[in-house]
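In: build the 3D model from these lines:
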Amino acid sequence: MPKVKLPRPTDAELQILQVLWVQGPCTVREVQSTLERQRTVGYTTVLKLMQIMAEKGLVERDETERAHVYRARVAQEQTQRQLAGHLLKRAFGGSATKLMMQALASQKASTEEIARMREMLEQFEKRKEPRQ
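Out: From the prediction side, this is the model:
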């Protein structure tokens, strides 16, 4: 998927995007059916949200079939990076350390997750340019 700058999705739009990222391209009915497993949501509500998302450029609509098929326009990782960056600036004054400390304090990380974080930190450290 192309790397493009798009508006931040709302909470409701993010729920729809998560369905599309997991299931791939879907009709409105398929998205609504998946969301229904978590909470009551009407077909017309999901349809309107997905139409708005298409106007914003968050999803693309394939109109070649009778039932339009939607797909996420941006990869999940790019959206997560955009949301994390926004949160980092807004709530933590740009401090990645503060963000990480609060994230770890708010929810217990598994041994595997902590090991993966250590690996990532080592990789970032190796790529860091020497200070002058």
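In: Val31 contacts Met53, correct?
Out: No - counting by C-beta atoms under 8 Å, Val31 sits too far from Met53 to count as a contact (10.5 Å). Glycine gets a C-beta too; all of them are placed from N, C-alpha and C.
In: overlap in contacts of the two?
Out: Counting by C-beta atoms under 8 Å, 6 or more residues apart in numbering, the common neighbours of Val31 and Met53 are 16, 70.
In: this structure: helices as residue ranges?
Out: For the chain, the helices defined by DSSP state H cover 11-23, 28-36, 43-56, 76-92, 96-106, 111-127.
In: grab the CA positions of stretch 87-99 and hand them over as CSV.
Out: Coordinates of each C-alpha in stretch 87-99 appear next as CSV, following Å, rounded to 0.1, in the frame of the first residue of the first chain:
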residue,chain,number,x,y,z
LEU,A,87,0.0,10.8,20.9
LEU,A,88,3.7,11.1,21.5
LYS,A,89,3.7,14.8,20.6
ARG,A,90,0.4,15.6,22.3
ALA,A,91,0.5,13.7,25.6
PHE,A,92,4.2,13.1,26.1
GLY,A,93,5.9,16.2,24.8
GLY,A,94,7.7,14.2,22.2
SER,A,95,9.4,11.9,24.8
ALA,A,96,9.5,8.3,23.6
THR,A,97,10.8,7.3,27.0
LYS,A,98,7.7,8.7,28.8
LEU,A,99,5.4,7.0,26.3
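In: pull out the buried positions in that stretch.
Out: Applying a neighbour-count criterion of 16 or more other C-beta atoms under 10 Å, one finds 88, 99 buried in stretch 87-99.
In: since that was my last question, I'll sign off now.
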